[in-house]
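Chemist: show me the folded form of this:
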Amino acid sequence: MNVKEMEGQIALAISQEDEVMAAKIVAKAAKANENLKIVGGILGKDALSKEEIIALSKLPSKEELLAKFVGTINAPVSGFVNVLAGNLRGLVNVLKAVADSK
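Modeler: Below is the predicted model of the structure:
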């Protein structure tokens, strides 16, 4: 749809910090106000349809994605530490049993 063909007022939302934040805010406002309609958007140099903007608004924020990424990287390390700690606990229990039996 061409901007010149649109009727009524047109709003623009811009976010320089997070690519999806503007879409999230506009989609939330559109749910709260039935007079606000999403007709499309632009991401970088690409024109997006209404459906693409709504899908973009449902994505997690950059901070949420980074937190999930760090958690995914940290999971194998945590598992390795737990395995090592389990072996040490087992050794301590054996030594304690030996000490208790004497």
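Chemist: longest helix in this structure, by residue count?
Modeler: Ranked by number of residues, the top helix in the chain under DSSP state H is helix 62-101.
Chemist: which non-adjacent residue is nearest Ala30?
Modeler: Taking C-beta to C-beta, 6 or more residues apart in numbering, and ignoring the residues beside it in sequence, Ala30 has Leu36 as its nearest neighbour in space, at 4.6 Å. Quick note: C-beta positions are derived from backbone N, CA and C, even for glycine.
Chemist: return the distance of the lowest-mean-pLDDT helix or strand in the chain from the chain's centre.
Modeler: Within the chain, no helix or strand scores below helix 62-101, which has a mean of 81 by mean pLDDT, DSSP states H and E. Remark: helix 62-101 is offset 27 Å from the chain centroid, using C-alpha atoms, centre = their mean, to the nearest Å.
Chemist: I'd like the numbering to begin with 43 instead of 1 from here.
Modeler: Sounds good: first residue 43 from here, last item helix 104-143.
Chemist: report all helices and strands that it contacts.
Modeler: The contact analysis (3 or more C-beta pairs under 8 Å, 6 or more residues apart in numbering; DSSP states H and E) places helix 104-143 against no helix or strand.
Chemist: and Arg133, how far is that from Val140?
Modeler: To be clear, residue 133 is Leu; Arg isn't right here. Separation of Leu133 from Val140 (C-beta to C-beta, to the nearest Å): 11 Å.
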